[in-house]
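> This is a predicted model, with the sequence first.
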Amino acid sequence: MDWTLLWDNIVQNGNVSVFRFVEFWLLTPLAGLFLLTLSRVAYLIYSALTFYKFYSLVSYTPFDWPYFAARPHIGAFMIISLNMIFVLILMWPLIKKYLLSYHFKNIWDARGRYEASFKASLFINGIDGVFAGSIKNISSGGALFKVTQELKPLASKASDEAILVIQSSSGEHLNFEVELINVSISEHKDLIGMEFVNMGPKLSLALMNILLELRSQSLAKEKRAPSEAL
């Protein structure tokens, strides 16, 4: 790009208003100066100026001042794109607090651990047969499995890798790849702590639905408890 030609166009061509001159030359430096105060108001001002600059680029009139070309220079788009990314980084705490935490509150809260009573079966690599039981509690990262019927002693397990089949309340069978973390949680060694591994999007969504359902049941139980006490 001929920067000399661009400079001549900016300085010499067109009857440029004071506002457009300030918009081109001063808005970006002013936005940066506001950031030096490290205040939330400065973040908002910087964000507003950045969005305005982005709007100015996308609404540019071909062959108009200051570029006098069919479209703005690619460098201008690259700079404003970096500024937009920086704005998102600056505003992320506010976005998470006032937008995500409000509209997706149930999803964020569903990341906790909840008591459950789903029927389940555990197939451990290297051991013939199946361990029948139930899920005592579950989270987005793993589950606690209670053995009610075992075909082989737990102590003889040959691998930490296993497949956990959970029957949800809707009757759907979900197959989770798990890694056994602890098989001696209880005195009788009938509780197995495990971690979910290699979950795909479909299985992750199904697990999230289970957690949301358990969370709703937990909240309903908490609401009933005070009234029952009265």
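Nice, thanks for sending it over.
> Report the beta-bridge partners for residue 180.
Listed by DSSP bridges, the beta-bridge partners for residue 180 are residue 194.
> check contacts around it.
By C-beta atoms under 8 Å, 6 or more residues apart in numbering, the contact list for residue 180 reads 124, 157, 160-162, 192-194. Heads up, the C-betas are built off the backbone N, CA and C, glycines and all.
> Just the CA atoms of stretch 167-182, as CSV, please.
Extracted in CSV, the C-alpha atoms of stretch 167-182 (Å, rounded to 0.1, in the frame of the first residue of the first chain):
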residue,chain,number,x,y,z
GLN,A,167,-30.0,-45.8,33.5
SER,A,168,-31.4,-42.3,33.6
SER,A,169,-34.9,-41.5,35.0
SER,A,170,-36.2,-41.5,31.5
GLY,A,171,-35.0,-45.1,31.0
GLU,A,172,-32.2,-44.2,28.6
HIS,A,173,-28.9,-46.1,29.0
LEU,A,174,-25.8,-43.9,28.9
ASN,A,175,-22.4,-45.5,28.5
PHE,A,176,-19.5,-43.6,30.2
GLU,A,177,-15.8,-44.3,29.9
VAL,A,178,-14.5,-44.0,33.4
GLU,A,179,-11.3,-44.2,35.3
LEU,A,180,-11.5,-45.8,38.8
ILE,A,181,-10.1,-43.4,41.4
ASN,A,182,-10.9,-45.1,44.7
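> Now that stretch: buried residues?
Going by neighbour count (16 or more other C-beta atoms under 10 Å), the buried part of stretch 167-182 is 168, 174, 176-178, 180.
> avg pLDDT for it?
Stretch 167-182 carries an average pLDDT of 89.
> picking that back up, restricted to strands, list the contacts of residue 180.
The strands, defined by DSSP state E, take in 124, 161-162, 192-194 from those.
> Of those - the most surrounded one?
Neighbour tally across those (other C-beta atoms under 10 Å): the maximum, 27 neighbours, falls on residue 192.
> Poorly predicted segments of the chain, please.
Counting by pLDDT under 70, the chain contains low-confidence ranges at 1-25, 37-40, 61, 63-70, 94-111, 150-159, 184-189, 225-230.
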